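J.: coords please:
(chains A and B)
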Protein chains: 2
Amino acid sequence: MTKLRTAQAAKKITKTAEDIHAKILKSKSPTMITPIRSLINIKYQPKIGYFEMLGKKKQRALTVRTVRTFAQALKMMSLAKELIDTDDMATKREAYYVSKNWGKAGFSEQSESDTIMDDIEAMFAVNREQLRFTPEEKGGDIAGRLIVIDTDSLGKKIKIDCTRFGSGAYSIPTDVENLRFQSQAKFVLAIETAGMFQRLVKYDYWKKMKCILISMGGVPTRACRRFIRRLTDQLKIPVYAFVDGDPYGYFNIYRTLKVGSGRAAHLNKFFCVPSTRFLGVTPQDIITYKLPTHPLKEVDIKRAKDALRNDPFVKHHKPWQKAINQMLEMGVRVEQQAFAKHGLDFVVNKYLPSKLKNPSKFLP
Amino acid sequence: MTKLRTAQAAKKITKTAEDIHAKILKSKSPTMITPIRSLINIKYQPKIGYFEMLGKKKQRALTVRTVRTFAQALKMMSLAKELIDTDDMATKREAYYVSKNWGKAGFSEQSESDTIMDDIEAMFAVNREQLRFTPEEKGGDIAGRLIVIDTDSLGKKIKIDCTRFGSGAYSIPTDVENLRFQSQAKFVLAIETAGMFQRLVKYDYWKKMKCILISMGGVPTRACRRFIRRLTDQLKIPVYAFVDGDPYGYFNIYRTLKVGSGRAAHLNKFFCVPSTRFLGVTPQDIITYKLPTHPLKEVDIKRAKDALRNDPFVKHHKPWQKAINQMLEMGVRVEQQAFAKHGLDFVVNKYLPSKLKNPSKFLP
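T.: Numbers count the residues shown, from 1 in each chain, chains lettered A, B, ... in the order given. The predicted model follows:
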């Protein structure tokens, strides 16, 4: 399945290269067509559950003015093909340094090579991991009822049992395209802070609740989002997000995980996890559980008002508008560790069980 | 051994509390004595290999003016004792929220509770993990020839084999005090970036070189530093640091890992890893391996000049002064992924083997 996807990406590269080659032989100017990657080309699609592109495209023809970027795009495609063929990989930064051997097609700044890479991934409608370009950053730790199936360097299957890590965890690799999963878990709990994750691990929460715990460590990385997406595609279990009750938690973390981001709409179909629901912490939880809070900062208020006005996801979901307005009226934010006021075990023995009686009441 | 350390911490708390109690019964003003935690109270100790405190102390007496912080320190000590007795733990942030139930002794800001916690850890000459206060952040991934021995929640021994993670890794928990280790590895390679770590994992570097790979992900967290320290204390193998060739890599990452930091001198004896040596990337490597570079930024130059003038570690080591002056003269910095210019496998097949022929030539 995965190998198939990568092989398809290789085929697409070959096809494009052949077309360009044929045009040149006929003395015609070759072109490359890529979707426009900006907000004017996206729409929130409630049915499929994420931001999607509208189909506006830009065409890059080979001219005197574009010859350098045209050559760079071709070299980058060639590098991807080579990585696929040799089962190797390169980070964005490594790809930039590899170009230092391309003579005049070398990039002067990594931002240039990043842009070309984004164009190519959009052009082929794949995520760049399928072209064997891997993220710079790891991110995301797992504990609980999950067996990850990976291969070692000789191609032998390895089963990694995430119940067997004690106080530690399984750290998600930067490239998750080749992983497969086995699990009887009932749900995934995606947690913002490492501190809360460690508490739930300490209290064996995954054992009692038959679930998979994932520490996102703030905004989830590409690898973490893709991992959760592939996991839930295969296991068909819901994801519940447990993050701080502030605009950063609501939008930068939760909304990005669930529907993706506007800036990278060509990728959302690979990275977003539409089955995610918001467990907490909600503004209502502050009242229900008498939680200690902090005043909203200027930036929080601005972010919340912007979301009410402009965010297609928020504009589509009335319960979110209500929650955000409630937060603005209360003028406070809350951290997920605030439950410690009622004792360190309160979150495990009271808050989570009480919430999980009614997942249907979670914010969408 | 570890249980013993924790039990000793509990005893120290009880002893201090009893002394204070006795003084109060005799109608004398009780006091708490803590070392001064600032640069005026530290010195670089080449023989033991880290910054150490000089022994200046401050005394906190119970007066009308200090009654609130005095009470807070006592409550915090009491919380630590409770955590030890119940084998629980609390993050700094949780400890702050727990205080919301202490009535007038509650903290208004987390910075207040952090300060009291730092005082207590200095007062008892332990690291706060021994008082069961755990860091907020995870950090540090492991792959290679290491078996970590942990216990599950029922106290049963768990062996975690870090050769069995495929493309993933073992994620270090926030509290490493109870871990033990088994290994035949010859050295530890501590790597700055997740991208480079992933490359070495991909190429099975740990298998060929019989070593342990650690991804620090930038400046190593407390948990990561303490892990490396405990690991090398037990295994007696050297640590080689492989980081970017810039002042951030040299001082913020390498020097912190090796000798600790001036600001937290009371902790260095627990966290620094004096056996660490600097594999690269050095300014000389830029010339030897014809590496692509970036110009030094203003902040790099300032940081380097400051280090030459004021950093006791740099002032003690001539080879470091030479390297920093060489960097300033060349006016450039280098990233550890720059080797990709010569091919993605260059770092594994050429650079590291050539360097590792002569670890005695590594910068100290």
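
J.: show me the contacts for the closest residue to A:Lys341 other than its chain neighbours.
T.: Leaving aside its chain neighbours, A:Lys341 sits nearest to B:Lys100 (4.2 Å; criterion: C-beta to C-beta, 6 or more residues apart in numbering or on different chains). In this view, the C-beta of every residue, glycine as well, is placed from N, C-alpha and C. Contacts for B:Lys100 (C-beta atoms under 8 Å, 6 or more residues apart in numbering or on different chains) come out as A:Pro292, A:Lys341, B:Gly106.

J.: Just the buried residues from these, in PyMOL please.
T.: Buried residues within the contacts of B:Lys100, by 16 or more other C-beta atoms under 10 Å in any protein chain shown, are selected in PyMOL with:
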select buried, (chain A and resi 292+341) or (chain B and resi 106)
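
J.: Can you lay out the contacts of B:Lys100 as CSV showing distance to B:Leu62, pLDDT and secondary structure?
T.: What follows is these, written out as CSV (distance: C-beta to C-beta, whole Å; pLDDT from 0 to 100; DSSP: H, G, I helix; E, B strand; the rest coil):
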residue, distance to B:Leu62, pLDDT, secondary structure
A:Pro292, 28, 96, coil
A:Lys341, 27, 96, helix
B:Gly106, 19, 95, coil
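
J.: Just put the contacts of B:Lys100 in a markdown table and tack on distance to A:Tyr248.
T.: Converted to a markdown table, those look like this (distance: C-beta to C-beta, whole Å):
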| residue | distance to A:Tyr248 |
| --- | --- |
| A:Pro292 | 18 |
| A:Lys341 | 21 |
| B:Gly106 | 25 |
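
J.: Out of the contacts of B:Lys100, flag the one nearest to B:Val188.
T.: Of all the contacts of B:Lys100, A:Lys341 has the smallest distance to B:Val188: 40.8 Å, by C-beta to C-beta.

J.: The closest one against B:Tyr96, yeah?
T.: No: using C-beta atoms under 8 Å, A:Lys341 is not in contact with B:Tyr96, being 9.6 Å away.

J.: Run the chain-centre distance for stretch A:154-169.
T.: Mean C-alpha position of stretch A:154-169 versus that of the full chain (C-alpha atoms, centre = their mean, to the nearest Å) differs by 23 Å.

J.: start to end distance for that stretch?
T.: 25 Å (C-alpha to C-alpha, to the nearest Å).

J.: Over to stretch A:267-282?
T.: OK, stretch A:267-282 end separation, C-alpha to C-alpha: 29 Å.

J.: Who are the contact partners of the closest residue to A:Thr31 other than its chain neighbours?
T.: Nearest non-adjacent residue to A:Thr31, counting by C-beta to C-beta, 6+ apart: A:Ala61, 4.7 Å away. Residues in contact with A:Ala61 (C-beta under 8 Å, 6+ apart) are A:Ser29, A:Pro30, A:Thr31.

J.: Ok, A:Lys322 next?
T.: Per C-beta under 8 Å, 6+ apart, neighbours of A:Lys322: none.

J.: which secondary structure element contains it?
T.: A:Lys322 belongs to helix A:318-330 when assigned by DSSP states H and E.

J.: per-residue confidence for the residue of the stretch 151-300 of chain A found nearest chain B?
T.: Nearest residue of the stretch 151-300 of chain A to chain B, counting by C-beta to the nearest C-beta: A:Gly166, 2.9 Å away. Reported pLDDT at A:Gly166 in the predicted model: 93.

J.: again, but for A:Tyr50
T.: We have a pLDDT of 74 for A:Tyr50.

J.: okay but it is in contact with A:Ala264, surely?
T.: No: between A:Tyr50 and A:Ala264 there is no contact under C-beta under 8 Å: 11.0 Å.

J.: coming back round to it: for the residue nearest to the residue of the stretch 151-300 of chain A closest to chain B when sequence neighbours are not counted, what is the enclosing helix or strand?
T.: The shortest distance from A:Gly166 to any residue other than its chain neighbours is 2.9 Å, reached at B:Asp150 (C-beta to C-beta, 6+ apart). Assigned by DSSP H and E, B:Asp150 belongs to strand B:147-151.

J.: Pull the residues that contact that strand.
T.: A:165-168, B:142, B:157-162, B:170, B:173, B:178-183.

J.: List the buried residues for whichever helix or strand comes after it?
T.: Next helix or strand after strand B:147-151 toward the C-terminus (DSSP H and E): strand B:157-161. Neighbour-count burial for strand B:157-161, with 16+ other C-beta under 10 Å as criterion, is recorded at B:Ile160.

J.: between strand B:157-161 and strand B:147-151, how big is the angle?
T.: Compare the direction of strand B:157-161 with that of strand B:147-151 by axes from the mean of the first three to the mean of the last three C-alpha atoms, to 10 degrees and you get 150 degrees.

J.: Under the pLDDT cut-off, which ranges of chain A? List them.
T.: A:1-5, A:39, A:262-263 (pLDDT under 70).

J.: if we can go back for a sec, does the residue nearest to A:Lys341 belong to a helix, a strand or coil?
T.: With DSSP: H, G, I helix; E, B strand; the rest coil as the basis, B:Lys100 sits in helix.

J.: check whether the host helix or strand of A:Arg230 contacts chain B.
T.: Per DSSP H and E, A:Arg230 falls inside helix A:222-235. No: judged by C-beta under 8 Å from any C-beta of the partner chain, helix A:222-235 and chain B are separated, with a smallest distance of 9.3 Å.

J.: would you list every one of the helices in the stretch 151-300 of chain A?
T.: With DSSP state H, counting those that start in this stretch as the criterion, the stretch 151-300 of chain A has helices at A:194-202, A:205-209, A:222-235, A:247, A:256-259, A:268-271, A:283-288, A:298-310.

J.: Make JSON lines out of those helices and add mean neighbour count.
T.: Below are the helices of the stretch 151-300 of chain A laid out as JSON lines (neighbours: other C-beta atoms under 10 Å in any protein chain shown):
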{"stretch": "helix A:194-202", "mean neighbour count": "25"}
{"stretch": "helix A:205-209", "mean neighbour count": "18"}
{"stretch": "helix A:222-235", "mean neighbour count": "22"}
{"stretch": "helix A:247", "mean neighbour count": "24"}
{"stretch": "helix A:256-259", "mean neighbour count": "22"}
{"stretch": "helix A:268-271", "mean neighbour count": "21"}
{"stretch": "helix A:283-288", "mean neighbour count": "17"}
{"stretch": "helix A:298-310", "mean neighbour count": "14"}
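
J.: contacting residues for the residue of the stretch 151-300 of chain A closest to chain B?
T.: B:Val148, B:Asp150, B:Thr151, B:Asp152, B:Ile158, B:Ile160, B:Pro173 are the contacts of A:Gly166 under C-beta under 8 Å, 6+ apart.

J.: Count the residues that sit near the first one.
T.: Neighbouring residues of B:Val148 were enumerated by other C-beta atoms under 10 Å in any protein chain shown; the total is 25.

J.: cool, and the second one?
T.: Residues contacting B:Asp150 under the criterion other C-beta under 10 Å number 19.

J.: ok, what's across the strand from it?
T.: Beta-bridge partners recorded for B:Asp150 (DSSP bridges): B:Ile158.

J.: Tell me the spacing between the nearest residue to A:Val176 once chain neighbours are set aside and B:Gly49.
T.: Of all residues not flanking A:Val176 in the chain, A:Phe227 sits nearest, at 4.6 Å (C-beta to C-beta, 6+ apart). Note on A:Phe227: its distance to B:Gly49, by C-beta to C-beta, to the nearest Å, is 40 Å.

J.: so what's A:Asp118 up against?
T.: So A:Asp118 contacts A:Arg37, A:Arg128, A:Ala264 (C-beta under 8 Å, 6+ apart).
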